[in-house]
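Visitor: Here is a sequence together with a model predicted from it:
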Amino acid sequence: MQSIQIGEFFEQYEWMAEEVEPDVWRSSFTTESEDDFDLYVMVGEEWIHFAVSPVAHIGEAEQRPRLFGALLRLNQRMRLVRLGVDDEGDLNLVADAPRERFEFGDFALILDLLTEYTSALAYEVQRTVNDDNYFSPLLPMP
């Protein structure tokens with residue numbers, strides 16, 4: 001199995017990152033609206049896992065059926081990246097790539113997509129959570 005140098009990929013991407021434990025890196029980025037987000041990269045035996053966590057706090061699925069339905073439909077439209085909700089009700093953007101033949105171009109594409117989707121969705125999701133009457137143009141409703 002080839003060695004994956006995530007720290008070097010972050011340097012080449014021109015982002016600061018720290019290895020918070022073996023094979024787990026944390027970085028952060030700021031969107032155009034000046035919101036800060038944490039990005040995590042974990043190298044597993046066969047896969048490399050990426051996560052922006054959290055994008056927004058949305059709570060329990062039972063409390064927000066309209067939002068969860070929209071997020072599930074949105075998952076079908078996104079490329080390479082998907083949305084997930086953790087046990088604490090946080091919405092995360094995640095991506096996985098096979099470790100085999102993983103290169104800097106793969107790393108850069110995934111980071112580009114994660115930051116692009118975060119920038120586009122974070123405000124829209126949070127506003128939808130906080131205002132039952134708001135219908136985001138970015139969240140597909142039935």
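Guide: Done, it's in. Quick caveat, the model's predicted, so the values are computed rather than measured. Numbering: from 1, shown residues only.
Visitor: Strands along the chain, start to end?
Guide: Using DSSP state E, the strands of the chain run over 18-21, 24-30, 36-43, 47-57, 82-85, 90-98.
Visitor: Tell me which of those strands sits nearest to residue 125.
Guide: In terms of CB to CB, the element of the strands of the chain nearest to residue 125 is strand 47-57, at 4.4 Å. Heads up, the C-betas are built off the backbone N, CA and C, glycines and all.
Visitor: Residue 85 bridge partners, please.
Guide: residue 91 (DSSP bridges).
Visitor: Tally up the residues packed near it, please.
Guide: Around residue 85 there are 18 other residues, counting by other CB atoms under 10 Å.
Visitor: How much space separates it from residue 95?
Guide: 16 Å (CB to CB, to the nearest Å).
Visitor: about what we covered before: I'd like the strands of the chain written out as CSV, with mean pLDDT added.
Guide: Formatted as CSV, these follow (pLDDT from 0 to 100):
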stretch, mean pLDDT
strand 18-21, 97
strand 24-30, 97
strand 36-43, 98
strand 47-57, 96
strand 82-85, 94
strand 90-98, 97
